[in-house]
Structures are given as C-alpha cells and as structure tokens.
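Enquirer: all I have is the shape, not the residue letters:
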C-alpha cells in the first residue's frame with residue numbers, strides 16, 4: 001500500500017492508495033492522515049476525497065505507523081518528522097496525456113459499447129464505439145485497449161482514468177482473470193510499452209465531467225448501435 005495527497009473540504013491530507021494511485025476503500029471509507037509524522041488514523045468517505053494529481057504517490061513509510069488505540073498524542077510523534085519521498089517522478093496533470101474511458105452494456109451480457117475522452121495539452125478528442133453483444137467488463141477493457149491504441153508516444157506520461165476496479169485489478173494489481181484472459185493479456189502487453197503510465201480509479205457517476213462524458217459516449221454507442229471516428233476540438237474554448 002502507498003499514500004497520495006488528496007483534499008477534503010479544502011484541506012490537504014494523505015490518503016491510503018494502491019501503487020496505481022487508486023484510493024483503498026474499506027466499507028466505503030479511506031484511511032487518511034493530516035500529517036505524515038502523526039500516527040493518528042482518520043477515515044473519510046471516498047466521495048469526499050479529491051486526488052491531487054501533481055503530487056505523485058508516496059511509499060508506505062512516508063507516514064509513521066498507526067498508533068494503537070489509547071496511546072496519548074505526545075507518544076504519537078516521532079523524534080524526527082519524515083518527509084515523504086516519491087516512489088518515482090510523477091508528471092503533472094497538464095504534462096501527461098489524460099484519458100477517461102468507460103464501457104457500458106444493456107443486460108450484461110447484452111448490447112455493449114465504450115467511450116473515450118483524450119486530453120493532450122489544449123487538444124481534446126473523443127470517440128464512441130459499438131462492440132455488439134458483450135459483458136460490461138469486456139466493454140471496460142475494450143475502452144482502455146482502444147485508448148492505448150490511440151497513443152503513439154510510449155515515452156510520454158499517460159494517466160488513464162476508469163471507474164472499473166475490475167479493469168485496474170486484472171491489468172495492474174495481479175488479479176487472476178477467470179474470463180477474458182486473451183484480452184487481458186493483450187492489454188497488459190500494450191501497457192508494458194509505456195514508461196510512465198498509470199491506471200487510476202475514478203468513482204463513477206459522481207459528477208466528474210470527463211468521466212460523465214465517457215459514460216455518455218458509451219451509452220450513445222449502445223443507443224445508436226454505431227461507432228464514430230475521433231472528434232477533435234480545443235477544450236480551452
């Protein structure tokens with residue numbers, strides 16, 4: 001496990017996450033710390049946390065160990081206040097290629113499609129694709145696969161946001177894929193081409209504009225049973 005900076009009610013905190021930067025949620029809540037040298041652990045609802053993208057991900061020992069219940073505040077401080085060290089350099093949101101992907105289906109399995117929104121600097125492009133009868137998991141994986149296909153600079157930092165914990169699990173967290181094994185293997189091979197790529201979980205249907213847009217594109221693909229070419233526009237306008 002690791003830590004990442006997040007904000008809650010306009011206050012910066014350290015939040016528990018996995019190596020991909022996705023919050024670790026237990027019973028709907030995420031462990032947070034207000035200071036790295038304070039062992040008191042607090043818990044916040046995931047919906048109230050907003051990840052700060054340009055701060056990177058820190059190793060587990062960036063924060064002192066949790067203090068057992070009943071230990072006083074004075075005993076919780078260490079002699080020195082450790083400063084978090086990054087696991088690896090992390091590109092800022094503006095420097096990285098940002099992709100939001102989403103898959104959907106009606107029935108599971110049933111008519112399925114996916115949507116992708118790509119942001120590169122001031123340029124935004126999007127597309128939707130109908131893939132026929134499939135499961136929701138296949139649609140989520142196909143969305144990520146097609147986003148990767150559109151990226152031809154493997155040395156550039158890439159951040160792919162998805163609301164599918166399944167996709168993140170089977171692609172980056174060692175989950176065993178009981179189904180869709182060939183597709184999972186293909187995407188893992190594609191991910192290995194990139195020197196700085198992270199899959200990041202974003203809560204679905206929580207008002208994130210780009211996540212909502214990817215979802216709308218996926219559902220449009222199903223509704224129209226059609227696919228689109230890439231549509232390019234300047235998101236700064």
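Expert: Looks like it came in fine. Here the structure is a predicted model, which is why all the values come from computation and not from measurement. Numbers count the residues shown, from 1 in each chain.

Enquirer: okay, now residue 119: neighbour count?
Expert: 19 (other Cβ atoms under 10 Å). Bear in mind the C-beta positions are built from the backbone N, C-alpha and C, glycine included.

Enquirer: what helix or strand does the closest residue to residue 187 other than its chain neighbours sit in?
Expert: What sits nearest to residue 187 in space, not counting adjacent residues and going by Cβ to Cβ, 6 or more residues apart in numbering, is residue 145, at 5.1 Å. Using DSSP states H and E, residue 145 maps to helix 136-149.

Enquirer: ok now that helix, how far from the chain's centre?
Expert: Chain-centre distance of helix 136-149: 14 Å, with Cα atoms, centre = their mean, to the nearest Å.

Enquirer: ok and the next helix-or-strand element following that helix relative to helix 136-149, angle-wise?
Expert: Using DSSP H and E, the next helix or strand after helix 136-149 towards the C-terminus is strand 158-162. Counting by axes from the mean of the first three to the mean of the last three Cα atoms, to 10 degrees, strand 158-162 points 160 degrees away from the direction of helix 136-149.

Enquirer: can you give the contact residues for the helix or strand following strand 158-162?
Expert: Per DSSP H and E, strand 158-162 leads on to helix 165-172 as the next helix or strand towards the C-terminus. Helix 165-172 has contacts (Cβ atoms under 8 Å, 6 or more residues apart in numbering) with 19-20, 22, 137, 140-141, 144, 162, 175-177, 180, 184, 187-188, 191, 199, 201.

Enquirer: mind checking the longest helix of the protein?
Expert: Using DSSP state H, we find that the single longest helix of the chain is helix 209-224.

Enquirer: tell me how far it lies from the chain's centre.
Expert: 18 Å.

Enquirer: what of stretch 5-13?
Expert: On Cα atoms, centre = their mean, the centre of stretch 5-13 falls 18 Å from the chain's centre.

Enquirer: one more: stretch 135-142?
Expert: Going by Cα atoms, centre = their mean, where stretch 135-142 is centred and where its chain is centred differ by 16 Å.

Enquirer: over to stretch 141-156?
Expert: On Cα atoms, centre = their mean, the centre of stretch 141-156 falls 15 Å from the chain's centre.

Enquirer: can you list the buried residues in it?
Expert: 141, 142, 143, 144, 145, 146, 147, 148, 151, 156 (16 or more other Cβ atoms under 10 Å).

Enquirer: any chance of TSV for those residues, columns distance to residue 114 and pLDDT?
Expert: Formatted as TSV, the buried residues of stretch 141-156 follow (distance: Cβ to Cβ, whole Å; pLDDT from 0 to 100):
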residue	distance to residue 114	pLDDT
141	9	98
142	5	98
143	4	98
144	9	98
145	9	97
146	7	97
147	9	97
148	13	97
151	16	92
156	23	90
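
Enquirer: output the lowest mean pLDDT helix or strand found in the chain.
Expert: strand 57-58 (a mean of 74; mean pLDDT, DSSP states H and E).

Enquirer: which residues pair with the closest residue to residue 233 other than its chain neighbours across the strands?
Expert: Leaving aside its chain neighbours, residue 233 sits nearest to residue 124 (5.8 Å; criterion: Cβ to Cβ, 6+ apart). On the basis of DSSP bridges, residue 124 is bridged to residue 119, residue 233.

Enquirer: state the three-state secondary structure for the spatially most central residue of the chain.
Expert: In the chain, the residue lying closest to the centroid (Cα atoms, centre = their mean) is residue 200, at 1.3 Å. What DSSP: H, G, I helix; E, B strand; the rest coil gives for residue 200 is strand.
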